[in-house]
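# My questions concern the predicted model and sequence given below.
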Amino acid sequence: MKYASAICGALVIACACSATAGEVVGKVSFTGTAPKPARIMMNADPVCMKQHKTPAFGEEVVVNGNQTLRNVLVYVKEGLGSRKFEAPAAKVEFDQKGCQYSPHVVGIQTGQELEVVNSDPTLHNVHSLSKENPQFNVAQPKQGMRLTKKFDKPEVFKVKCEVHTWMGAYIGVFNHPFYAVTGDDGTFRLKNLPAGEYTIETWQEKYGTQTMKVKVAASGSATADFTYQGK
């Protein structure tokens, strides 16, 4: 996962980076039968096809070997009140490689820079379907081209490529640094939270959202485990 960790950026909460800060840890499990991953047919662009020695598959639902879910956004939905947080200086990289977006789901903080990269020797077009933030629809015809964007309002939105219709990914924008995206073990960790009560929410592109209330003690660790169910 290439996105930058955005912690210790509080403008108002001094304790968010102190030894008294707590955390929320957990995992996102999956039960039932997972949908069969859709094979991506890249015949429309020979350049894309040449970059894959084995078939490529969609990432709408990715179940890990330990029956957890990958690419799930986890974040604090409620409990921070009016606290404000400084945007991290580090950029978040959002790549187009092998005619697929990498990462498939990425988190970023408001005011932080997103750098969209074209690592492929073919034309890509980056089209955001954002509703709260201004949309952009920009062509990147050459390998190595970079595009920098910032977002002012929290939301989760889809990004697609107008040239390669199978390309799709999601960007989650938050006005605080307490978010994560599950990886190949399905776990997450929201660090440096001040003591308090919070609503934690998960977002998965096919199965939607789930919420859970937790209480974080100073220097303590709260657990929030979620489960999504297939057919």
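The structure has been received and is ready for your questions.
# Residue 117 bridge partners, please.
For residue 117, the beta-bridge assignment (DSSP bridges) gives partners residue 95, residue 146.
# ok, it - contacts?
93-96, 144-146 (CB atoms under 8 Å, 6 or more residues apart in numbering). Where you see a C-beta, it was placed from the backbone N, CA and C, and this is true even at glycine.
# Repeat that for residue 66.
Neighbouring residues of residue 66 by CB under 8 Å, 6+ apart: 185-186.
# Count residues in the vicinity of residue 50, would you?
Residue 50: 12 surrounding residues under other CB atoms under 10 Å.
# Report the distance from the host helix or strand of residue 23 to the chain centre.
Element membership of residue 23, judged by DSSP states H and E, is strand 22-31. In this view, strand 22-31 has its centroid 15 Å away from the chain centroid, taken as CA atoms, centre = their mean, to the nearest Å.
# same thing with stretch 191-199?
The mean C-alpha position of stretch 191-199 is separated from the chain mean by 20 Å, CA atoms, centre = their mean.
# what's the answer for stretch 189-198, then?
That offset, for stretch 189-198, works out to 19 Å (CA atoms, centre = their mean).
# Report the beta-bridge partners for residue 76.
On the basis of DSSP bridges, residue 76 is bridged to residue 200.
# Was I right to think it contacts residue 193?
Yes - distance between residue 76 and residue 193: 7.3 Å, which falls inside the contact criterion (CB atoms under 8 Å).
# which neighbours do the two share?
Each of 24, 178 lies in contact with both residue 76 and residue 193 under the rule CB under 8 Å, 6+ apart.
# out of the two, which sits in the busier spot?
Taking neighbours as other CB under 10 Å, residue 76 and residue 193 compare with residue 193 leading, 27 against 21.
# Please list all residues in contact with the more buried one.
By CB under 8 Å, 6+ apart, residue 193 lies in contact with 16, 21-24, 76, 178, 216.
# Alright, that wraps it up for me.
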